[in-house]
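Q: attaching a predicted model along with its sequence, questions to come.
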Amino acid sequence: MPPPTRSPEEIRASIEHNRQELGTSLVRLRDEVTQLTDWRGQVRRNREQLTIAAATAGFVLAGGIGAAGGLLFGRGRRRRRRG
């Protein structure tokens, strides 16, 4: 079965319609990319979680785990055994 033939006007109308849809899609995509890469907005929306993460990271970096381990398993117990 041969493909249906379209007139030049129908083809132009189809091309123009596709061009408009592509323009709309590009604007929508640009808005989504802008929203996803807006780190200030991400910080504002997730302030509580970021505060908790920063406090946890600070504790770990400051040696909190090592200090807690030292209190539980380290020097405190060794001193009591000797004395």
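A: Here it is on my side, so go on. Treat the numbers as computed from the prediction; the structure is a model and nothing was measured. Numbering: from 1, shown residues only.

Q: what average pLDDT does the helix or strand where Ile11 lies get?
A: Taking DSSP states H and E as the definition, Ile11 sits inside helix 8-36. The average pLDDT for helix 8-36 rounds to 95.

Q: now stretch 66-83
A: If you average the pLDDT over stretch 66-83, you get 66.

Q: distance check, the most centrally placed residue in the chain against Gln42.
A: In the chain, the C-alpha nearest the mean C-alpha coordinate belongs to Leu36, at 7.3 Å (CA atoms, centre = their mean). Separation of Leu36 from Gln42 (CB to CB, to the nearest Å) stands at 8 Å. Using the backbone N, CA and C atoms, a C-beta is placed for each residue, glycine as well.

Q: after the helix holding Ile11 comes which helix or strand?
A: Next along the chain after helix 8-36, taking DSSP H and E as the criterion, comes helix 39-45.

Q: chain center to that next one, what's the gap?
A: In terms of CA atoms, centre = their mean, to the nearest Å, the centre of helix 39-45 is found 10 Å from the chain centre.

Q: for stretch 63-71, same thing?
A: So, by CA atoms, centre = their mean, the centroid of stretch 63-71 is 32 Å from its chain's centroid.

Q: again with stretch 28-39
A: That offset, for stretch 28-39, works out to 12 Å (CA atoms, centre = their mean).

Q: now swap in stretch 13-22 and tell me
A: 34 Å.

Q: Leu22 versus Ile15, what's the distance?
A: As judged by CB to CB, Ile15 and Leu22 stand 10 Å apart.

Q: just Phe59 next, same as before
A: According to CB to CB, Phe59 and Leu22 sit 51 Å apart.

Q: out of the two, which sits in the more crowded spot?
A: For Phe59 versus Leu22, neighbours defined as other CB atoms under 10 Å are more numerous around Phe59 (13 against 10).

Q: so which strand or helix has the more buried one?
A: Element membership for Phe59, per DSSP H and E: helix 47-61.

Q: which residues touch that helix?
A: By CB atoms under 8 Å, 6 or more residues apart in numbering, the residues outside helix 47-61 that reach it are 43, 65.

Q: nice, that's everything, thank you.
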